[in-house]
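> Just to be clear, the model below is a prediction. Sequence and coordinates:
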Amino acid sequence: MAPSYPQLPIDADDRESYIVWDLRAWDGDIETMKRINERWVEAHEPAEKVGTISIFPEDVVVHGEIQEFISEGWNEACEATDLRYLAIVAEGLQAMAVENQIDAPAVELSAFDDEGEAVDWMDERAT
């Protein structure tokens, strides 16, 4: 069953061994991202899910406080849940900005411009 978070601007699609997190409705607010991260950790504990795909909105630029939070919060979350695969879906430089903030040695990370490519990549690894 897919996790449901009506109070947050996300849509989560549970694919058994991984979850696709559609963040396109997120407006870039750091406090909202912190709450999203809390739900993410809850959904990945216990460590049943080996992967996750995060789809970022096109109009939110990852910089400053958001970039700092991803660097710290997402790295801690990856380690806490024993995540093995992480796919980022975002526009060119946006994808690189997020990808460069992740420093979790046990996680295989890849960035994509297209959700379908990310799902194909994850399906090859996580199932």
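Now that the structure is in, tell me what you want to look at.
> make it CA atoms for all contacts and neighbour counts henceforth
Will do.
> outside of the longest helix anywhere in the chain, which residues touch it?
As assigned by DSSP state H, the longest helix anywhere in the chain is helix 30-43. With contact meaning C-alpha atoms under 8 Å, 6 or more residues apart in numbering, helix 30-43 is reached by 3, 8, 10, 26, 65-66, 69, 73-74, 77, 80-81.
> Recalculate using a threshold of 7 Å.
Contact with helix 30-43 is made by 66, 77, 81, as judged by C-alpha atoms under 7 Å, 6 or more residues apart in numbering.
> For the first one, the count of nearby residues, please.
I66 is flanked by 20 other residues according to other C-alpha atoms under 10 Å.
> Shouldn't it be within a helix?
Yes. I66 sits within a helix when classified using DSSP: H, G, I helix; E, B strand; the rest coil.
> quick revisit: can you redo the contacts of helix 30-43 as a markdown table with pLDDT?
Shown next, in a markdown table, are the contacts of helix 30-43 (pLDDT from 0 to 100):
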| residue | pLDDT |
| --- | --- |
| I66 | 83 |
| A77 | 85 |
| T81 | 86 |
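> gap between the longest helix of the chain and the chain center?
10 Å (C-alpha atoms, centre = their mean, to the nearest Å).
> Could you do stretch 76-85 as well?
With C-alpha atoms, centre = their mean, you get 11 Å for stretch 76-85.
> so E117 is in which element?
helix 115-126 (DSSP states H and E).
> in that helix, what counts as buried?
115, 118-119, 121-122, 126 (16 or more other C-alpha atoms under 10 Å).
> Could you do stretch 7-25 as well?
10-15, 17-25.
> if you average pLDDT over that stretch, what comes out?
Stretch 7-25 comes out with an average pLDDT of 92.
> now the end-to-end length of that stretch.
12 Å (C-alpha to C-alpha, to the nearest Å).
> in this protein, which spans are helices?
Using DSSP H, helices in the chain cover 30-43, 64-69, 75-80, 92-99, 115-126.
> Pull the residues that contact the fourth one.
Counting by C-alpha under 7 Å, 6+ apart, the neighbours of helix 92-99 from elsewhere in the structure are 61-62, 88-89, 111, 113.
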